[in-house]
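J.: the sequence and its predicted three-dimensional model are supplied below.
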Amino acid sequence: MHELSIARSMLDIVREQMARHGAEKLRSLKIRVGEMTAVEPQALLFCFEACTKDTPLEGAALDIEVVPLAGRCEECGTEMRIEGYSAQCPACRSASVEHISGHELAIVSMEVDKTDA
Ligand SMILES: [Zn+2]
């Protein structure tokens, strides 16, 4: 499953960051997921919970922000929301549209409990 490998790789990053900062408990994780990644937020949430169960990360809240696919016309610079995955500039009808968002898959922030060192 697509979402399972995403959840796993995100948790790898989270664990690495937590180890580096001496954090003990993950409170919440905020991620940004582009529409074009075809990630199903509910499925990702399910995988996240499954992957964190019985680990120190269990109980962390996952906040998923879905970023819509948007583009910019390479001819006139008009920015637009792209629907149906085929883009045409609404201003000049050019089909040369560059995607400017919608492909991201990133950790935005994480909130942890630290041990006092
Ligand atoms: Zn245009």
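T.: All right, it came through fine.
J.: can we go C-alpha only for contacts and neighbour counts from here?
T.: OK.
J.: look up how far the ion lies from the closest residue to I6 other than its chain neighbours.
T.: Nearest residue to I6 in three dimensions, chain neighbours excluded: L44, at 7.8 Å (Cα to Cα, 6 or more residues apart in numbering). Distance of L44 to the ion, computed by Cα to the ion, to the nearest Å: 36 Å.
J.: who touches the strand or helix carrying L44?
T.: Using DSSP states H and E, the element containing L44 is helix 41-52. For helix 41-52, the surrounding residues in contact (Cα atoms under 8 Å, 6 or more residues apart in numbering) are 3-4, 6-8, 58-59, 62, 64, 66.
J.: and for stretch 81-93?
T.: 68-73, 75-76, 78, 80, 94-97.
J.: now, which of the residues you listed lie close to the ion?
T.: 73, 75-76 (Cα under 5 Å from the ion).
J.: can you redo those residues as JSON lines with neighbour count and secondary structure?
T.: What follows is these, written out as JSON lines (neighbours: other Cα atoms under 10 Å; DSSP: H, G, I helix; E, B strand; the rest coil):
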{"residue": "C73", "neighbour count": "23", "secondary structure": "strand"}
{"residue": "E75", "neighbour count": "14", "secondary structure": "coil"}
{"residue": "C76", "neighbour count": "14", "secondary structure": "coil"}
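J.: of these, closest to I107?
T.: Of all the ones next to the ion among the contacts of stretch 81-93, I107 sits closest to C73, with 28.0 Å by Cα to Cα.
J.: how about the residue nearest to that closest one when sequence neighbours are not counted, what does it touch?
T.: Distances taken as Cα to Cα, 6+ apart put V97 closest to C73, at 4.4 Å, once the chain neighbours are dropped. Neighbouring residues of V97 by Cα under 8 Å, 6+ apart: 71-74, 87-89.
J.: up against the ion, what does this structure have?
T.: Within the chain, the positions adjacent to the ion are 73, 75-76, 89, 92 by Cα under 5 Å from the ion.
J.: now these as TSV including pLDDT?
T.: Formatted as TSV, these follow (pLDDT from 0 to 100):
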residue	pLDDT
C73	97
E75	98
C76	98
C89	96
C92	97
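J.: and the end-to-end length of stretch 34-49?
T.: End-to-end distance for stretch 34-49: 21 Å, by Cα to Cα, to the nearest Å.
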